[in-house]
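*Asks:* sequence below, structure please.
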Amino acid sequence: MTAADRLRNTMSSCGSMVSWLSARHDPAARMRNVDLIAVLVAVLLPWSTSGVGIGMVLWLAALATTLELRPFLHSLKRPICVLPIALVALAAMGTLWSDAPWSARTYALSPATKLLVLPFLFYHFERSTRGMWVFIAFLASCTLLTVASWIVAFDPSLSLKAPGEPTGHGIFVKNYIAQSQEFVLCAVVLAFPIITLLRDGKVRQALLLALVAANFVVNMVFVVVSRTALVTLPVMLAVFAMAHLKWRTNVMLLVVAAVFGALAWTVSPQLQATTDKFARDYRVYKEFNQPTSIGLRLEFWEKSLRFFAEAPVIGHGTGSTRGLFEAAATGPAILAQGQVIGNPHNQTLNVAVQWGTVGVVILYAMWLSHFSLFRGEGLAAWIGLMVVLQNMFSSLFNSHLFDFHEGWMYVLGVGIAGGMVLRARSGDAESSGTTRP
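*Replies:* Residues are numbered from 1 along each chain as shown. Down below sits the predicted model:
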């Protein structure tokens, strides 16, 4: 290397350092960095658990360089921020009256703490103009995951699941419940821009998005789908139809959906097996006391209601669930009545057992406050509405708000879409000459 080359390299390095230092003092660059980390987290969410955790820590650190304390504290007064904070605070206080070991109390508190990120997301994406970047990144990542799912469906040995862990049919990473949640959300959310593009006469763009949405649906029909997704998908589509389509169109789509559903069930062995498993699991549980999926849920729910009745106001405390199930277990562990669990597979009962009626009231007030935030027009409002709706209905069969993957889907979806909606409303208020409430 000549002296001239070394000089050019040194100058280039100095230039890069100067650019980095200037970015540290450039508010626009700092905001962009926060947005890009959020995009990275969205890309990682369908694939990695540890990546999301590390990414969110980096996101909060980057956000701290842009945070203006007084406006942020003022934003915390809104119910959409107060209620998730209140639920986490109740969970923290619940450790004081729990009889569980402290390790169990802190372990049970951890899943709720992700809700504390919501106020930061609302605050940042009310200022940022790049919220849609995050959703596009998530859609692209989920689309890539369908490709991996199709590949693994034909060759299960290519799955990245840990050795000895059941890979399932068409599961590349994580599990079929998380994958189904992602695919359902993407497919339903795409319905809004597809209809909008068709109304604007942009048929090619609408067909392209329709193909992407169809890819998610076909994968669930022929590869793998969770029973929770089978329940939530029709509900979400019904809400879309009632909100955005005329009644005649709804009738026509209902007929088409019925025909398509019957045809899909006829030609898809995977879908037949999933739906047939409902009745089979219930029969095996009732007749032979075997721990099937549906049977265990019924067993967990019945016992949880009894635990709730024993402490209806403030519950048994954080982390108490497993100990209660251990005390209530009867018979050997291979039978349904002998099963012990720390999660009753229902978000309401999960909260009710630990924090009683107080916790349930805060939980539903939070859900409803977030639901009401997304009343209105626009893609961001539609995304947020579907995220809340999916979480509420899927939480009838799982504790999805506290589960890692589905919980972060809720926090990121509601936080980013909520910030975008708040920004749009602020702009409308300023253009009309009114002040924001």
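
*Asks:* tell me how many other residues crowd Arg375.
*Replies:* For Arg375, the number of neighbouring residues by other Cβ atoms under 10 Å comes to 11. All C-beta atoms are positioned from the backbone trio N, CA, C, and that covers glycine.

*Asks:* secondary structure class for it?
*Replies:* Look at Arg375: counting by DSSP: H, G, I helix; E, B strand; the rest coil, its state is coil.

*Asks:* which residues does it contact?
*Replies:* 381, 385 (Cβ atoms under 8 Å, 6 or more residues apart in numbering).

*Asks:* give me the pLDDT value at it.
*Replies:* pLDDT, Arg375: 87.

*Asks:* now Pro27: closest residue in space that isn't a chain neighbour?
*Replies:* The spatially closest residue to Pro27, leaving aside those adjacent along the chain, is Thr66, at 6.8 Å (Cβ to Cβ, 6 or more residues apart in numbering).

*Asks:* state the mean pLDDT of stretch 76-83.
*Replies:* Rounded mean pLDDT across stretch 76-83 is 95.

*Asks:* could you give the separation of that stretch from the chain centroid?
*Replies:* 20 Å (Cα atoms, centre = their mean, to the nearest Å).

*Asks:* what's the helix or strand containing Ala108 packed up against?
*Replies:* Following DSSP states H and E, one finds Ala108 within helix 102-109. Judged by 3 or more Cβ pairs under 8 Å, 6 or more residues apart in numbering; DSSP states H and E, helix 102-109 is in contact with helix 79-94, helix 321-328.

*Asks:* buried ones in it?
*Replies:* By neighbour count on 16 or more other Cβ atoms under 10 Å, the buried set for helix 102-109 is 104-105, 108-109.

*Asks:* give me the angle between it and helix 79-94.
*Replies:* Interaxial angle of helix 102-109 relative to helix 79-94 (axes from the mean of the first three to the mean of the last three Cα atoms, to 10 degrees): 170 degrees.

*Asks:* CA atoms only for helix 102-109, dumped as CSV, please.
*Replies:* The C-alpha coordinates for helix 102-109 follow below in CSV (Å, rounded to 0.1, in the frame of the first residue of the first chain):
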residue,chain,number,x,y,z
TRP,A,102,-39.6,-15.2,45.5
SER,A,103,-38.1,-16.8,42.4
ALA,A,104,-41.6,-17.7,41.2
ARG,A,105,-42.9,-14.2,42.0
THR,A,106,-40.2,-12.5,40.0
TYR,A,107,-40.6,-15.0,37.2
ALA,A,108,-44.3,-14.3,37.0
LEU,A,109,-43.8,-10.6,37.1
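
*Asks:* I'd like the next helix or strand past that helix.
*Replies:* Heading C-terminal from helix 102-109 (DSSP H and E), you reach helix 118-127.

*Asks:* distance between that next one and the chain's centre?
*Replies:* With Cα atoms, centre = their mean, you get 17 Å for helix 118-127.
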